[in-house]
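J.: quick one: sequence plus predicted model below, questions after.
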Amino acid sequence: MQWIILIGNEGFNLNLIRNLQHYGENKSTSLTENRFVVDYGNDHVFYDSAEDIINDYEEGDKVRIPFPNPQFIMMTYTSENLMKQILSQENFPSGIYIDDDNGNIMPIEDFIVS
């Protein structure tokens, strides 16, 4: 499994993602208050609230996050194609940033085309 981190402003939270219509899903299951999974058959996507992850960022990376009080959600996935399809849905939150775990923090629009 691979993962990225979704970064948004104060209004960005796990319930915002949980309440989306996830196109192509078989079902969504809340595993805990801070974790849920979307089942797409052969593929699964896990979403975890990652509030304390800001402590793992170095100062140079923190300045690249344009939100004064950033909120973090870890998105763990089995298929990169599916992950990009999800991020490209018209109902997926816009204006967020993606940390791709390769040293890049970029707007979601730039990440989708990378």
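T.: Okay, I see it. Being a predicted model, the structure only gives us computed values, none of them experimental.
J.: quick one: secondary structure of Phe72?
T.: Phe72 falls in the strand class when you classify it by DSSP: H, G, I helix; E, B strand; the rest coil.
J.: state the pLDDT value of it.
T.: pLDDT, Phe72: 98.
J.: repeat that for the one 10 residues further on.
T.: pLDDT recorded at Leu82 is 94.
J.: so it makes contact with Asp39?
T.: No: Leu82 lies out of contact with Asp39 (C-beta atoms under 8 Å); the separation is 11.5 Å. Placement of C-beta: from N, CA and C, glycine included.
J.: out of the two, which sits in the more crowded spot?
T.: Using other C-beta atoms under 10 Å as the criterion, Leu82 and Asp39 rank with Leu82 on top: 17 against 14.
J.: what sits against Asn91?
T.: With contacts defined as C-beta atoms under 8 Å, 6 or more residues apart in numbering, Asn91 is in contact with Leu20, Gln21.
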